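**Student:** Below are the sequence and a predicted model for it; my questions follow.
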Amino acid sequence: MNLYLSLLDRMEKGEKENPSIGIILCADKDHLDVEIALQDINKPIGVAEYQLLLPKEQLQALIVNEINESENDSE
């Protein structure tokens, strides 16, 4: 995360813009991975819970489309 925020600030951020912030999307904000990812980081980073649920039919259609695109790309 720090790498991407630093690149964003160096390459894209305007002179009058505030420093970039990072957002980590995870299922459990008490998870050890989040704690380790944020350890010793001085940049502002937000942590919140996010869950994406798709209806079964929409998820199946998405998977079928991805498979078809993958097969078409490999031909």
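**Tutor:** Here it is on my side, so go on.

**Student:** Just checking the distance from stretch 60-74 to the centre of its chain.
**Tutor:** Averaging C-alpha positions (Cα atoms, centre = their mean, to the nearest Å) puts stretch 60-74 23 Å from its chain's average.

**Student:** Could you pull out the helices in the protein for me?
**Tutor:** Counting by DSSP state H, the chain forms helices over residues 2-11, 32-38, 56-74, given from the N-terminal end onward.

**Student:** With mean neighbour count added, can I get these in CSV?
**Tutor:** In short, each C-beta sits where N, CA and C put it, glycine included. Listed next are the helices of the chain as CSV, based on neighbours: other Cβ atoms under 10 Å:
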stretch, mean neighbour count
helix 2-11, 12
helix 32-38, 12
helix 56-74, 9
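
**Student:** So for Gly22, which of those sits nearest?
**Tutor:** Evaluated with Cβ to Cβ, the helices of the chain place helix 2-11 nearest to Gly22, the distance being 5.3 Å.

**Student:** same for the closest one, what does it pack against?
**Tutor:** strand 22-26 (3 or more Cβ pairs under 8 Å, 6 or more residues apart in numbering; DSSP states H and E).

**Student:** Buried residues, the strand it packs on. List them.
**Tutor:** By neighbour count on 16 or more other Cβ atoms under 10 Å, the buried set for strand 22-26 is Gly22, Ile24.

**Student:** so how far is that strand from its chain's centroid?
**Tutor:** Centre-to-centre, strand 22-26 and its host chain are 6 Å apart (Cα atoms, centre = their mean).
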